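S.K.: here is a sequence together with a model predicted from it:
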Amino acid sequence: MELENILFLDIETVGGTATYDELDERMKHFWDIKASQIAHSEDDTPEKLYSRAAIYAEFGKIVCISVGYIVQDKVRLTSFADDDEKKLLLAFADLLNKHFNTPKHQLCAHNGKEFDFPYICRRMLIHNIPIPFILNSQGKKPWETTFLDTMELWKFGDYKHYTSLDLLANIFHIPSPKDDINGSQVHETYWKENHNLERIKTYCEKDVLTIVQLMRRFNHLPLIEDENILHIQQ
């Protein structure tokens, strides 16, 4: 596997509004339906469950996409973080179209096939943004897609098995990315801390670095040392 041909990525998402009450009446109706499907008890009201809106592309939005790529055993990390989701997605699409658009290139995320890749595509469609070739799986056969998923690689065909990135980092002795916030706290961090994109971006880049290091361990390669981790500003 040529790791230098892979773009590693992670996304952070939040609910489209800070609270359920801020939804318009039509969206409240649709969230009420979704809430009834995911509720486990009578206490799970639509208002209470709205903290989970971020994981659904129909009700959430992307506030950060962090990416990493390897060049001569150095990893370069950068982020697209913006309150304007369309602006963020256009910048990310431009990166893919210009620099990761050949058959040799691949995208890699943890649980990316179930979450990151389809979420990005759905939000691009909502904003009427053409989906870059490397990201568009429509019409492609399974073996023609360019997606790598570290969680799927770890499953070894066991489709019932879910393993978090944090757990894999621990068992492979990779420094944990969960030393500040975690994914379930991004919605609250964004809406209650005046959009605090810097904090979210820092967390997201740590996840990308962990995915890079995990993939290196999967390929029996040493971890990238701290001095070879470069943070590139957009």
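M.R.: The structure has been received and is ready for your questions. Residues are numbered from 1 along each chain as shown.
S.K.: number of residues surrounding the closest residue to residue 2 other than its chain neighbours?
M.R.: Distances taken as C-beta to C-beta, 6 or more residues apart in numbering put residue 104 closest to residue 2, at 7.2 Å, once the chain neighbours are dropped. For every residue, glycine as well, the C-beta is placed using N, CA and C. Residues near residue 104, counting by other C-beta atoms under 10 Å, number 10.
S.K.: report the beta-bridge partners for residue 6.
M.R.: Listed by DSSP bridges, the beta-bridge partners for residue 6 are residue 106.
S.K.: pLDDT-wise, which helix or strand of the protein ranks last?
M.R.: helix 186-192 (a mean of 91; mean pLDDT, DSSP states H and E).
S.K.: tell me where the model's unsure across the protein.
M.R.: For the chain, the stretches with pLDDT under 70 are 142-144, 177-180.
S.K.: got the CA positions of the helix ranked longest in it in CSV?
M.R.: For the chain, the longest helix by residue count, based on DSSP state H, is helix 197-218. C-alpha atoms of helix 197-218 as CSV (Å, rounded to 0.1, in the frame of the first residue of the first chain):
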residue,chain,number,x,y,z
LEU,A,197,-13.6,26.5,15.6
GLU,A,198,-9.9,26.5,16.8
ARG,A,199,-10.7,24.0,19.5
ILE,A,200,-12.7,21.8,17.2
LYS,A,201,-10.0,22.0,14.5
THR,A,202,-7.3,21.0,17.0
TYR,A,203,-9.3,18.0,18.0
CYS,A,204,-10.1,17.0,14.4
GLU,A,205,-6.4,17.1,13.4
LYS,A,206,-5.5,14.9,16.3
ASP,A,207,-8.0,12.3,15.0
VAL,A,208,-6.5,12.5,11.5
LEU,A,209,-3.0,12.0,12.9
THR,A,210,-4.2,9.0,14.9
ILE,A,211,-5.6,7.5,11.6
VAL,A,212,-2.3,8.1,9.9
GLN,A,213,-0.4,6.4,12.7
LEU,A,214,-2.8,3.5,12.8
MET,A,215,-2.5,2.9,9.1
ARG,A,216,1.3,2.9,9.5
ARG,A,217,1.0,0.3,12.3
PHE,A,218,-1.3,-1.8,10.0
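S.K.: what's whichever helix or strand comes after that helix packed up against?
M.R.: Following helix 197-218 in sequence order, the next helix or strand is strand 229-231 (DSSP states H and E). Judged by 3 or more C-beta pairs under 8 Å, 6 or more residues apart in numbering; DSSP states H and E, strand 229-231 is in contact with strand 74-81.
S.K.: just how off-centre is the strand it packs on within its chain?
M.R.: Strand 74-81 has its C-alpha centroid displaced from the chain centroid by 13 Å (C-alpha atoms, centre = their mean, to the nearest Å).
S.K.: can you list contacts of that strand?
M.R.: 63-70, 88, 91-92, 95, 197-198, 200-201, 204-205, 208-209, 212, 224, 228-234 (C-beta atoms under 8 Å, 6 or more residues apart in numbering).
S.K.: quick one: the helices in the protein?
M.R.: Going by DSSP H, the chain shows helices at 25-38, 46-49, 85-99, 116-126, 150-155, 165-171, 186-192, 197-218.
S.K.: ok, and for the third one, which residues are buried?
M.R.: Which is helix 85-99. With burial defined by 16 or more other C-beta atoms under 10 Å, the residues of helix 85-99 counted as buried are 85, 88-89, 92-93, 95-96.
S.K.: all set now, cheers.
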